[in-house]
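> Sequence and computational prediction follow.
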Amino acid sequence: MALVEVKVPDIGDFSEVAVIELLVKPGDTIKAEQSLVTVESDKASMEIPASHAGVVKELKVRIGDKVKEGSVIALVEAAASAATPTPQPTPQRGEGATAPARASAPASSASPAPAGEGRGEGGPVEVRVPDIGDFKDVAVIEVLVKPGDSVKLEQSLITVESDKASMEIPSSAAGVLKELKVKVGDKLNIGDLVAVVQGSGAAGAASPAPQPSPQKGEGAAAPAQAAAAVAPSTDRTPPTAALPPHEPGTPTGSLPHASPSVRKFARELGVPLEEVKGSGPKGRITQEDVQAFTKSVMAGDTRTKAATAKAPAGGGGEALGLLPWPKVDFAKFGPVERKPLSRIKKISAANLHRNWVMIPHVTNHDDADITELEAFRVATNKENEKSGIKVTMLGFLIKACVAALKKFPDFNSSLDGEELVLKSYYHIGFAADTPNGLVVPVIKDADKKGVLAISQEMAELAKKAREGKLTPAEMSGATFTISSLGGIGGRYFTPIINAPEVAILGVCKSQTEPVWDGKQFQPRLMLPLSLSWDHRVIDGASAARFNAYLGQILADFRRVLL
C-alpha cells in the first residue's frame, strides 16, 4: 500500500480559498472521490474529494488555512486497486455549481458569436443564452434591466437559476436595450434569445462571447477546460449534496438553500440556517432573512432549537445539577387563575436568570445627602416652567454617574473572555416602568449633554416605553444602568446587573433624617444607594470608593465641573 498525497485539483479562477470544514479525520477509511474538506471563496464553496481510496494517515490542513491548486490536503495510504484519476471538486448544492470541464475543439472551431455581436456599425445585436454547462430549462428568477436602458458589454441582464446554482446572463454587446424577450418565470436553454441591443460599436470584432457570470455569493461557474483528454459527460460524477457543519462520523442532513456569503454571515452571527425560512426564489435564504431571524430571537419572539433544548421543562434546574422544579396542582388547594407572562417579562426573565447565575454579584449600600441638590432641582423647575421641561432627580443622578464612571473607568467596561473592554463613551440606561413590565431605554453620550437635555430625552423615552414604541436601538448600547424606585418607596435592594455591563446603581425614595453634623442633629434629605457590581472585574475597595465619590458629587454638585 502506497502513501499518496491528495492535492487540491483545478478549482477554476480561484486562488487562496479558505478551508471552512474538515469532513474526515486521521484513521478514517475513505473511498475514491469521497469529500475530505470544504473550501470557500467569496463567491462559492466546494468540497475537495479524495483522489484515491484508502486510510487517511494525516491531514495537512486545518480550518482557516488558505489553499490553492496543488496544495497538499492529506496523506492517504492508498489501497492497491486505487488508480482513480484526480476528480474535480464537488460543488455544494445550493451554493456554487462549477461548470464541468468540457471537451472542446481548438478555438478556431468554437461556436460563432450571436448575430451582430462585435460589429462596429452599431446595428441591432441579439443577446442569447451562452453555454451555461449541463443545465436545461433554467428559470429566469430576476430581470435586471428594462427596455431603454443603456447597457455595457458583459453587464448582467437577467438572473437564471437551476436546482444547483444561480447565475447572471451578461450582455454580449454595449448599447441601448431595445427589447427584452424573457420575463420572470420563463425557462431558458443555450442559444435562447434574451434581448435585442442596439449596438454602440464599442465591442471589438475579436471579443469572445462572454460566459454567464456567477451571481456573487451564490454560484461560481468554473471555466471550461480545453482538454481533449477529459472524460465524456456520462462518466462525470454528478454534484452531490454538501455536508452541513458536523463532526466526522455524525449523521448529516440536507443543506439549507443559501449562498456562501449568506452562510458566512450566518456563521458570524451564530444563526442556525436550517431554522431560517428563506424568502428568495425556491426558498433561498437571503441575508435579510438571517437578519430578521436574529432580530426575532433577540426580541424574544423566536427561540432556536438549541436554546429550547437547553431550557428544562417547567423552568427546572436539572442543567445545573439541581432538583427538578416542583410540579403542583394548585387548583386542589383553592381557586386559581392562569395568566400568561407578557413578552417583555418573558425576555426579562431569561436575561435576569442568566445574569444572576453567571455574574458573581456583590451589592454595596450607602446614603447620599441630597438636601442642597433637591433645593436646586426645585428652583430649576420653577425657572423653567414655561419650557415644559421637568427636571427629576434621576437626571442629576445620570450626570453624577458619568462623573464617577470617568474617575473609575472599570465600572464603564465589559468583560470579554480574559480581556476587559474599557469604553470611552458613556451611554446610561434607566429602568422605565410600563404596564407590560420594565424596559431599559438608553441615554446616549450622556457626558455630552446637560441635565436639562437629559431630562427632556428621558421624558420622551419614558413616554415611548409606556406606549410600547421603543426601538431596539433605543434600548441598546448601555455602559451603566440606573434602576430607580424613588417614586414608589423602599429603602435598599439588590439590582441585578444588566450584562454585558459590570455594575448597576439602584436608588430608592429619599427620606428626611436627623444627621449629626458634629455639634447637633440636622434634618437632611438622604437618598439610599444600592450599587451591585461584578466581582470578577471590581473589588470591594473600588466599589466603596465609587459609592463614596458618587455621594460627594450628589452632596455638592459643583464637583461635576472638576
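Nice, thanks for sending it over. These numbers were taken from a predicted model, which means no experiment stands behind them.
> Quick check: residue 439 vs residue 298, distance?
For residue 439, the distance to residue 298 (Cβ to Cβ, to the nearest Å) stands at 14 Å. C-beta: built from backbone N, CA, C; applies to glycine.
> Neighbour count: those two, which is higher?
residue 439 (23 against 12; other Cβ atoms under 10 Å).
> Am I right that residue 157 sits in a strand?
Yes - checked against DSSP: H, G, I helix; E, B strand; the rest coil, residue 157 lies within a strand.
> Residue 151 is in contact with that one, correct?
Yes - judged on Cβ atoms under 8 Å, residue 157 makes contact with residue 151 at a distance of 7.0 Å.
> Quick check: neighbours shared by these two?
Overlap of the contact sets of residue 157 and residue 151 (by Cβ atoms under 8 Å, 6 or more residues apart in numbering) consists of 145, 171, 177.
> Run through the residues that contact residue 543.
362, 364, 503, 531, 533.
> which residues does residue 187 contact?
137-140.
> repeat that with 6 Å
For residue 187, the contacting residues are 137, 139, by Cβ atoms under 6 Å, 6 or more residues apart in numbering.
> Pairing partners for it in the sheet, please.
residue 139 (DSSP bridges).
> Residue 558: how many residues sit nearby?
Neighbours of residue 558 (other Cβ under 10 Å): 8.
> Of the shared contacts of residue 157 and residue 151, which is the most crowded?
Busiest of the shared contacts of residue 157 and residue 151 [other Cβ under 10 Å] is residue 171, holding 25 neighbours.
> wait, that residue sits on residue 127?
Yes - contact criterion Cβ atoms under 6 Å: residue 171 and residue 127 qualify, at 5.4 Å.
> Give me the buried positions along the strand of greatest length in the chain.
Longest strand in the chain, counting residues (DSSP state E): strand 521-534. In terms of neighbour count (16 or more other Cβ atoms under 10 Å), strand 521-534 has its buried residues at 524-534.
> Count the neighbours of the closest residue to residue 486 other than its chain neighbours for me.
The shortest distance from residue 486 to any residue other than its chain neighbours is 5.1 Å, reached at residue 509 (Cβ to Cβ, 6 or more residues apart in numbering). Number of residues near residue 509 (other Cβ under 10 Å) recorded here: 14.
> Going forward, the N-terminal residue is numbered 47.
With the count now opening at 47, the last piece we talked about shows up as residue 555.
> Please identify which helix or strand holds residue 555.
Using DSSP states H and E, residue 555 sits in no helix or strand.
> which intervals of the stretch 97-246 of the chain have sub-threshold pLDDT?
126-168, 178-181, 208-212, 246 (pLDDT under 70).
> could you pull out the strands for it?
Along the stretch 97-246 of the chain, counting by DSSP state E, counting those that start in this stretch, strands occupy 100-105, 112-113, 118-124, 136-137, 170-174, 184-189, 196-197, 202-207, 212-216, 221-226, 233-234, 239-245.
> Could you say which one of the ones you listed comes nearest to residue 601?
strand 112-113 (61.4 Å; Cβ to Cβ).
> Distance from the chain centre to that closest one, please.
Strand 112-113 sits 25 Å away from the centroid of its parent chain (Cα atoms, centre = their mean, to the nearest Å).
> Would you list the strands that that strand pairs with, along with their directions?
strand 63-68 (antiparallel).
> Tell me which residues of the strand it pairs with come out buried.
63-68.
> go on, stretch 226-237?
226, 228, 232, 234.
> List the contacts of the second one.
By Cβ under 6 Å, 6+ apart, the contact set of residue 228 is 186, 240.
> how does it look with 8 Å?
186, 189, 204, 234, 238, 240-241.
> closest to residue 447 among those?
For these, the nearest to residue 447 is residue 189 (56.5 Å; Cβ to Cβ).
> what sits against the closest one?
Residue 189 touches 203-204, 226, 228-230, counting by Cβ under 8 Å, 6+ apart.
> got any ranges where the stretch 247-396 of the chain has weak pLDDT?
247-301, 305-307, 328, 345-346, 352-367.
> still on that earlier bit, in a markdown table: the buried residues of strand 567-580, plus pLDDT.
Compiled in a markdown table, the buried residues of strand 567-580 are given as follows (pLDDT from 0 to 100):
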| residue | pLDDT |
| --- | --- |
| 570 | 95 |
| 571 | 95 |
| 572 | 95 |
| 573 | 95 |
| 574 | 95 |
| 575 | 96 |
| 576 | 96 |
| 577 | 97 |
| 578 | 97 |
| 579 | 97 |
| 580 | 96 |
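> got those residues as a markdown table, with distance to residue 323 columns?
Converted to a markdown table, the buried residues of strand 567-580 look like this (distance: Cβ to Cβ, whole Å):
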| residue | distance to residue 323 |
| --- | --- |
| 570 | 61 |
| 571 | 57 |
| 572 | 56 |
| 573 | 51 |
| 574 | 50 |
| 575 | 48 |
| 576 | 45 |
| 577 | 45 |
| 578 | 40 |
| 579 | 42 |
| 580 | 38 |
